[in-house]
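1. Sequence first, then the predicted structure:
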Amino acid sequence: MGQIELKQVTKSFGDVQVIPPLDLTIHDGEFTVFVGPSGCGKSTLLRLIAGLEDITSGHIEIDGIDATDLVPAKRGLAMVFQSYALYPHMSVRNNIAFPLKMAKMDNAEIDKRVNAAADVLNLADYIDRRPGQLSGGQRQRVAIGRAIVREPSAFLFDEPLSNLDAALRVGMRMEISELHAKLGTTMVYVTHDQVEAMTMADKIVVLQAGVIEQVGSPLELYRAPRNTFVAGFIGSPK
Ligand code: ADP
Ligand code: MG
């Protein structure tokens, strides 16, 4: 399961409301992309879902359960950060195992999950290296591995590829799409890159100033953009 529902969710920082009342359903198994210009609230929305920021009003439900007041660790979601946040002194294996060790999972189960993640991500050859000995793409895979072993009901990505060069970005896009196909887990993916949104998404959520301008498949948005903002942003022929 991995259905996420936002009901009349708002977010203010001080006096400034960056998310006016917003309703959104992210369906189980869907690859959902939040796209929009810098500062439109993509990261804030993802952090509200993750529980890294408190919502100002409204409700968040995860798999039908009210998660509004749950701490991040209790939401069953896993966030993948663009800065990787890997521990430089630990091997790849230990970096991936770390959240499970913190949760005091037994070692046999940890080994099983780490090996399975390394397999899925083609990390087996690097498992004993330290992050400093890896390329940017390999580091990004380790960060994803650390999310996979928690077996989350959804993955949350905040511009995970923005630190990578253009060629690697194309490759990692395909890898993340392949991972979604393999796992079938809900993925919520934030980007300001229209091409990334159009090529990766099952469903795109177009945001402007904290407001959802349109939700639809890439083809729906391309063929029938609801307004000139969506058309301009997606590059539709209208
Ligand atoms: P995006 O990820 O789409 O670039 P953000 O979600 O980071 O946008 O930011 C949305 C708006 O909220 C921006 O105007 C930003 O300045 C503001 N904002 C984000 N985080 C904070 C914060 N911790 N304190 C005050 N304002 C914030
Ligand atoms: Mg952002």
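-> Happy to help now that I have it. Ligands and ions are numbered 1, 2, ... in the order given.

2. Looking at the chain, which helix is longest?
-> Ranked by number of residues, the top helix in the chain under DSSP state H is helix 166-183.

3. what helices or strands is that one leaning on?
-> helix 107-120, helix 136-148, strand 186-191, helix 194-200 (3 or more C-beta pairs under 8 Å, 6 or more residues apart in numbering; DSSP states H and E). Using the backbone N, CA and C atoms, a C-beta is placed for each residue, glycine as well.

4. again, 10 Å this time
-> With contacts defined as 3 or more C-beta pairs under 10 Å, 6 or more residues apart in numbering; DSSP states H and E, the packing partners of helix 166-183 are strand 31-35, helix 107-120, helix 136-148, strand 154-158, strand 186-191, helix 194-200.

5. Could you list the low-confidence segments of the protein?
-> With pLDDT under 70 as the threshold, the chain has low-confidence stretches at 82-84, 236-238.

6. which bits of it sit near ligand 1?
-> 13, 18, 36, 38-44 (C-beta under 6 Å from any ligand atom).

7. Determine which two of these are furthest apart.
-> Greatest spatial distance among the residues of the chain next to ligand 1 (C-beta to C-beta): Phe13 and Gly36, at 17.7 Å.

8. ok, these two, which is more surrounded?
-> Between Phe13 and Gly36, counting by other C-beta atoms under 10 Å, Gly36 is the more crowded of the two (27 against 11).

9. Next, count neighbours for the residue nearest to Ala118 when sequence neighbours are not counted.
-> Nearest residue to Ala118 in three dimensions, chain neighbours excluded: Ala124, at 4.9 Å (C-beta to C-beta, 6 or more residues apart in numbering). Counted with other C-beta under 10 Å, residues neighbouring Ala124 total 10.

10. Could you pull up the residues touching Glu213?
-> For Glu213, the contact set (C-beta atoms under 10 Å, 6 or more residues apart in numbering) comprises 36, 40, 205-207, 221, 225-227, 229-230, 233.
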